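Q: Next one to model:
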Amino acid sequence: MTVDIGNAGRKTAVSPEEEKTLRHQAFRRLTGAAVAAAGLVFGASAMAQDADFPQKPIILVATGSIGGGADVQARLVASAIDRAGVINEPVAVVNRGSGGSQEGYQFVRARAGDPHYLLTVTNQFLTYPMVGDAGYDWKEFTPIANLVFDPVVVVVHESSDLQNLDDLVALAEKKGGSMTVGGGQIGTQDHMGYLTLEDATGIEARYVAFGGGAETHRNILGRQVDVAVGNPSDFIQSADAGKLRFIGVLDDERNASPALKDVPTASEQGYDASFVVWRGWVAPPGISDEERQALIGLFEAVVDDEEFKENYVDRFGMRPTLLVGDNLTSFINEQHGIYEEKLRSSGVIE
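A: Below you'll find the predicted structure:
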């Protein structure tokens, strides 16, 4: 496997002043009926208005670039929390790490003991420390909740001749290893999905690593790579517009979402390639058990929100999979071993 490092994108630093502005923007959303709801609606969980928490706005830190999978989820989560009215403080989204998620991880890690910061995490939360010095250990964080499992898809430009995975294999053979496949950075879920596809199909290609889903989207849309891998939310807007085409889903089951229901899975096409992304949330190190339970309550409210289900779970073909607290910690620990073996067997790590 040959690896290129594509345009990683500039890191977008968010200053304290900019964060303050985002908080003020979130405050302005809580007007009119939303303010009334915040005083009247109460969750059935541990979030039932603890007088000590929250004491200030909740900051959802989305890793990667604006428009990527983490950013999309964070903004829909923020809206769902606002609608639920289970807290009397606003919720704001801060993007950290347009050139790589490690920046976001380190940003939240530095907020030890502050439960008002929450971080989006996926598979790469575990793999980054495996492939380099990420500056953190996942065990330092406090696992809160996983919301969904998200399939990896294979996508091409609408002008491409590729219609299915057999065509992809044929193109790889024709190009003799020079076919380009774009996705996230080495060790990300996109890269892991590509390795799974590579193992199942036997293709030899040049993997081009970009800074996030939005950047991968721009490059496949601009035909800078032959093929791209990622999550449906990375590409679905252009696919709906007829500019991109899905040619395979790396899952064992046909996806029910409108954009993917007619796209065959890899297994339907004769390739044993299944890799899903888990999308969850962690808090900084050192928060109390009571604060952890309160945060779990936030996400219990999110998964019950009908608009979140419609605009996120159903639209993007997610599988609702709520794992919280210690159950999530056990799941993450299990996945750590699986990913380590995958990267080692693929020669990415020794």
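
Q: For residue 332, see how far away residue 137 is.
A: With distances taken as Cβ to Cβ, to the nearest Å, residue 137 is found 12 Å from residue 332. (Glycine included, C-beta is placed from N, CA and C.)

Q: tell me the average confidence for the helix ranked longest in the chain?
A: Criterion DSSP state H: the longest helix present in the chain is helix 325-345. Average pLDDT, helix 325-345: 93.

Q: In terms of neighbours, single out the busier of residue 137 and residue 332.
A: For the pair residue 137 and residue 332, the greater number of neighbours falls to residue 332 (22 against 10), based on other Cβ atoms under 10 Å.

Q: just checking, that one touches residue 138?
A: Yes - counting by Cβ atoms under 8 Å, residue 332 touches residue 138, with 6.7 Å between them.

Q: Next, show the common contact partners of those two.
A: Common neighbours of residue 332 and residue 138 (criterion: Cβ atoms under 8 Å, 6 or more residues apart in numbering): 125-126.

Q: mind checking the SS state of the residue nearest to residue 315 when sequence neighbours are not counted?
A: The shortest distance from residue 315 to any residue other than its chain neighbours is 6.2 Å, reached at residue 257 (Cβ to Cβ, 6 or more residues apart in numbering). Here residue 257 is recorded as coil under DSSP: H, G, I helix; E, B strand; the rest coil.

Q: separation between residue 257 and residue 121?
A: Here residue 257 is placed at a distance of 23 Å from residue 121 (Cβ to Cβ).

Q: again with residue 215
A: Counting by Cβ to Cβ, the gap from residue 215 to residue 121 is 20 Å.

Q: which element follows the helix or strand bottoming out on mean pLDDT in the chain toward the C-terminus?
A: Scoring the helices and strands of the chain by mean pLDDT, DSSP states H and E places helix 33-40 at the bottom, with a mean of 33. For helix 33-40, the succeeding helix or strand toward the C-terminus, using DSSP states H and E, is strand 58-63.

Q: strand partners of that following strand, parallel vs antiparallel please.
A: strand 91-96 (parallel), strand 117-121 (parallel) (DSSP bridges).

Q: buried sites along the first one?
A: Residues of strand 91-96 classed as buried by neighbour count (16 or more other Cβ atoms under 10 Å): 91-96.

Q: need those residues in CSV with pLDDT, can you?
A: Below are these laid out as CSV (pLDDT from 0 to 100):
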residue, pLDDT
91, 96
92, 96
93, 96
94, 94
95, 90
96, 87
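
Q: beta partners of residue 181?
A: Assessed by DSSP bridges, residue 181 has beta-bridge partners residue 207, residue 227.
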